[in-house]
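Engineer: The sequence isn't on hand, but the structure is:
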């Protein structure tokens, strides 16, 4: 049976739209649903490809792909935790908070001492989960949310920032998210504006030769419009409280709306992709050529028989690499954090100034000109 669309449920309606390069994986195709228009990398990536894409170097400044500048944002997450803690205290004096896609644990580390809430994380990257436990002592489950097997009706607030575009099965993921939330619990989702993601890729593809592909450098797998997000969240069982379009300046550049200015897209050679592609990265699935219907084997399951997640603390071994390479990478991140630390960024008036700037760079969600959508929903 054809793999259905996550948004509208149509089976067999995904058609090839654009071939791109996925670092660590290889050439892949973005497909478009003929029913609702949602765009997504198909066939879906299996476990081996996800491990290759979000491996230990995803947050490393020396990595050729991923979020190489993540360590520089340590103080930004401290600022965000300040306002998030205030929001949580306004909801209840205590509760359980979960960040899915907790990366290196920056937000959790800053949030925990500011609130009476119990904070936890889930992170696919083994290195990220280890770093969060080792450097900050926060509790992080290594793996996907689906693998974590958390108890039902447990959490009062779930944050998923820059995550939904990375998961292989968005609908399954949101269904699992809803399952672990208490009735009336809140979920905040921040995910890219799909058009602002795809349009620069299409512009770049039109200018490249046959040996080059536009690069999905940060590994986005799904590309949502506002209407598709609302339909998906509503279909899973959430009630939408607020939608905003954020990052207007970057969004307008990506959309090509500002004359003479547009966001730049990385370029990757097919030969380089083939050289770095790991064995079994696509789980044996085949991708159809341009203009033909999708041909795929049954998608590789995310869960393997007998697998179980681990709650990571600073003393547990979770990385595939040995301790020395892991510690060397952690030391580089520590040094980068220290090198970019500025006293003014820890000043409370600066927190409020940056928040004001961010609010001025946002519009109501119906005006989809931003780089990202920011949605607040609750479990019905």
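Structural biologist: Looks like it arrived, so ask away. If you're wondering where the values come from, they're calculated on a predicted model, not measured in any experiment. Residues are numbered from 1 along each chain as shown.

Engineer: Every contact and neighbour count from this point should use C-alpha atoms.
Structural biologist: Will do.

Engineer: Quick one: residues contacting residue 373.
Structural biologist: Under the criterion of Cα atoms under 8 Å, 6 or more residues apart in numbering, the contact list for residue 373 reads 189, 190, 191, 192, 193, 226, 243, 244, 245, 246, 365.

Engineer: Weed out the non-buried ones from these.
Structural biologist: 189, 190, 191, 192, 193, 226, 243, 244, 245, 246, 365 (16 or more other Cα atoms under 10 Å).

Engineer: wait, which of those is closest to residue 35?
Structural biologist: Proximity of the buried ones among the contacts of residue 373 to residue 35 (Cα to Cα) peaks at residue 226, which lies at 15.6 Å.

Engineer: Hmm, that closest one is touching residue 365, no?
Structural biologist: Yes: contact criterion Cα atoms under 8 Å: residue 226 and residue 365 qualify, at 7.2 Å.

Engineer: Need the contact partners of the longest strand seen in the chain.
Structural biologist: The strand of greatest length in the chain, counted in residues with DSSP state E as the criterion, is given as strand 181-192. Contacts made with strand 181-192 from outside it, assessed by Cα under 8 Å, 6+ apart, are listed as 152-165, 223-224, 371-380.

Engineer: Same question for the following helix or strand past it: list its buried residues.
Structural biologist: On the C-terminal side of strand 181-192, the closest following helix or strand by DSSP states H and E is helix 194-207. Along helix 194-207, the positions that meet the burial threshold by neighbour count (16+ other Cα under 10 Å) are 194, 195, 196, 197, 198, 199, 200, 201, 202, 204, 205.

Engineer: Export those residues as JSON lines, with columns for pLDDT and distance to residue 258.
Structural biologist: Formatted as JSON lines, the buried residues of helix 194-207 follow (pLDDT from 0 to 100; distance: Cα to Cα, whole Å):
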{"residue": "194", "pLDDT": "97", "distance to residue 258": "18"}
{"residue": "195", "pLDDT": "97", "distance to residue 258": "15"}
{"residue": "196", "pLDDT": "95", "distance to residue 258": "13"}
{"residue": "197", "pLDDT": "95", "distance to residue 258": "16"}
{"residue": "198", "pLDDT": "96", "distance to residue 258": "17"}
{"residue": "199", "pLDDT": "95", "distance to residue 258": "14"}
{"residue": "200", "pLDDT": "94", "distance to residue 258": "13"}
{"residue": "201", "pLDDT": "95", "distance to residue 258": "17"}
{"residue": "202", "pLDDT": "94", "distance to residue 258": "17"}
{"residue": "204", "pLDDT": "93", "distance to residue 258": "17"}
{"residue": "205", "pLDDT": "94", "distance to residue 258": "20"}
